[in-house]
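Participant: Please work out how this folds:
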Amino acid sequence: MEMTTFSNFNFTLSSKNTRAIIKFIGGAFIGAIPQLTYGYLIELLAKEGFIVVVVPYNVTFDHSQAAKQVYESFHTCLNTILTSGLPQFNLSPAQLGDLPLFSVGHSNGALLQVLTGSLFSEKLPKANAVIAYNNRPATEAVPYFEQLGPAVSQMMPVVEANPILSLARIAQGDAWKMMLDTVGSVLQESEQEVLNSLTKFVDQLPLVFNEVTQGVSEFKPTPSENRDCFKISYNVKHTLLVKFNSDTIDETNILEETLTPRVNSFGGTVEKVELSGNHITPCIQEPRWQVGKLYTPADAVAQRLKSLSVSDTRILARTISDWFKRFED
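Facilitator: Model prediction:
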């Protein structure tokens with residue numbers, strides 16, 4: 001299994017014959033650190049023969065802006081590799097150009113995935129796998145959100161006047177870089193990639209915090225505006241909707257009702273499957289068991305529960321792989 005970074009994108013591929021390219025869009029914040037949050041699912045998809053391209057994006061309450069960023073940055077990267085190939089994977093431009101393009105999105109990434117398929121009509125995936133879709137208002141996604149913005153705004157003058165914070169701001173850039181250089185010098189290459197991903201995660205926080213202080217209290221477009229857009233503009237021909245039986249914030253059924261008439265109108269398909277799991281099943285990592293001197297009944301129960309969770313993630317990957325297979329010709 002190989003993972004490499006190119007132009008801020010993470011590529012994962014196994015030695016198996018390559019079947020297709022997957023554009024992978026993770027959830028808010030966690031999509032910025034795929035090695036830590038989606039590593040096992042990405043590995044499973046790569047073992048099925050997919051080149052998995054993890055698309056980074058800035059978390060914002062302006063979902064249309066984020067969707068456009070995902071679309072434009074991904075296709076800039078795709079055009080580059082279709083021209084130069086992926087020599088680290090021994091793949092030529094001609095080999096890559098013959099591969100179908102699919103898309104997988106989870107949680108907020110699933111929303112951006114559907115929004116991208118509605119805002120654009122060209123260079124779209126042959127099929128979308130939409131996992132644990134959620135399109136709730138900000139006030140439901142973050143309780144008391146409307147009160148949070150004013151409270152933060154009132155607090156900021158006091159915080160900004162703190163001399164310690166001012167000193168920290170001056171030193172922050174150089175200090176963080178120095179820490180990365182120092183720690184990075186003793187880390188293995190894979191660990192350095194994780195450290196770089198954590199930096200990307202940290203960089204997201206001030207952007208969202210700034211929107212809150214400016215009084216932003218709802219996503220743009222609003223959930224109802226998104227539904228109206230999807231009803232008349234969704235353009236991906238084949239869509240698999242994946243929901244989990246223990247996901248309390250899932251809105252896949254609403255999305256199915258929204259997309260089906262539109263997709264039927266141009267001869268496409270919308271299919272839905274319900275799998276065992278919950279909202280974070282795509283983020284479950286393969287456990288690395290460490291056997292100690294004592295192995296208690298509690299350890300056995302914990303191991304069994306973790307094994308069940310990993311099994312759910314494996315079934316998810318196989319479900320996506322088998323469904324995409326129908327559209328590879």
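
Participant: Domains in this protein, by residue range?
Facilitator: 2-137+218-325, 145-213 (automatic domain parsing).

Participant: Worst mean pLDDT among the ones you listed?
Facilitator: The minimum mean pLDDT among the domains of the chain belongs to domain 145-213 (a mean of 48).

Participant: now the strands: where do they sit in the stretch 201-329 of the chain?
Facilitator: Here the stretch 201-329 of the chain has its strands, by DSSP state E, counting those that start in this stretch, at 238-244, 269-275.

Participant: Quick check: buried residues in the last one?
Facilitator: Neighbour-count burial for strand 269-275, counted by 16 or more other Cβ atoms under 10 Å, picks out 270, 275. Placement of C-beta: from N, CA and C, glycine included.

Participant: residues in contact with the helix or strand encompassing residue 21?
Facilitator: Assessed by DSSP states H and E, residue 21 sits inside strand 20-25. With contact meaning Cβ atoms under 8 Å, 6 or more residues apart in numbering, strand 20-25 is reached by 31, 34, 38, 42, 45, 49-55, 57, 70, 74, 78, 96, 99-106, 109-110, 112-113, 125, 324, 328.

Participant: And stretch 44-54, by the same measure?
Facilitator: Outside stretch 44-54, the residues that reach it (Cβ under 8 Å, 6+ apart) are 1, 9-14, 16-24, 26, 31, 34, 38, 42, 74, 77-78, 86, 89, 91, 96, 99, 102, 104, 313-314, 317-318, 320-321, 324.

Participant: just the buried members of those residues?
Facilitator: 9-14, 18-24, 26, 31, 34, 38, 42, 74, 77-78, 86, 89, 91, 96, 99, 102, 104, 313, 317, 320-321, 324.

Participant: Helices - which of the residues you listed land there?
Facilitator: 34, 42, 74, 77, 78, 96, 313, 317, 320, 321, 324 (DSSP state H).

Participant: Dump those into CSV; add distance to residue 240 as well.
Facilitator: As requested, those are exported to CSV (distance: Cβ to Cβ, whole Å):
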residue, distance to residue 240
34, 21
42, 18
74, 20
77, 24
78, 22
96, 24
313, 16
317, 13
320, 7
321, 11
324, 8
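
Participant: and of these, the nearest to residue 283?
Facilitator: Distance to residue 283 across those (Cβ to Cβ) is lowest for residue 313, with 8.4 Å.

Participant: list the contacts for the spatially closest residue to that closest one that is not a sequence neighbour?
Facilitator: In this structure, residue 313 finds its nearest non-sequential neighbour in residue 284, 4.6 Å apart by Cβ to Cβ, 6 or more residues apart in numbering. Counting by Cβ under 8 Å, 6+ apart, residue 284 makes contact with 40, 41, 309, 310, 312, 313.

Participant: tally of neighbours for the fourth one?
Facilitator: To tie it back to what came earlier, the one meant is residue 310. 17 (other Cβ atoms under 10 Å).

Participant: Residue 127 versus that one, what's the distance?
Facilitator: 26 Å (Cβ to Cβ, to the nearest Å).

Participant: now do the first one
Facilitator: Distance of residue 40 to residue 127, given as Cβ to Cβ: 22 Å.

Participant: Could you do the fifth one as well?
Facilitator: Distance from residue 312 to residue 127, counting by Cβ to Cβ: 22 Å.

Participant: And for the third one?
Facilitator: Applying Cβ to Cβ, one obtains 27 Å for the distance of residue 309 from residue 127.

Participant: out of the two, which sits in the busier spot?
Facilitator: The neighbour count for residue 309 versus residue 127, taken as other Cβ under 10 Å, is higher for residue 127 (24 against 18).

Participant: Could you pull up the residues touching that one?
Facilitator: 102, 103, 236, 237, 238, 239, 240, 323, 324, 327.

Participant: ok now do the nearest residue to the third one once chain neighbours are set aside, which residues does it touch?
Facilitator: Taking Cβ to Cβ, 6+ apart, and ignoring the residues beside it in sequence, residue 236 has residue 117 as its nearest neighbour in space, at 4.2 Å. Residues touching residue 117, when contacts are defined by Cβ under 8 Å, 6+ apart, comprise 124, 125, 128, 234, 235, 236.

Participant: close enough to count as contact, the fifth one and residue 124?
Facilitator: Yes - taking Cβ atoms under 8 Å as the contact criterion, residue 235 and residue 124 are neighbours in contact, 5.8 Å apart.

Participant: where exactly do the helices run in the stretch 201-329 of the chain?
Facilitator: 223-233, 252-265, 297-325 (DSSP state H, counting those that start in this stretch).

Participant: Could you export these as CSV, including distance to residue 245?
Facilitator: As requested, the helices of the stretch 201-329 of the chain are arranged in CSV below (distance: least, Cβ to Cβ, whole Å):
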stretch, distance to residue 245
helix 223-233, 23
helix 252-265, 11
helix 297-325, 10
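
Participant: so which of those helices gets nearest residue 139?
Facilitator: Going by Cβ to Cβ, the one of these nearest residue 139 is helix 223-233, 10.7 Å.
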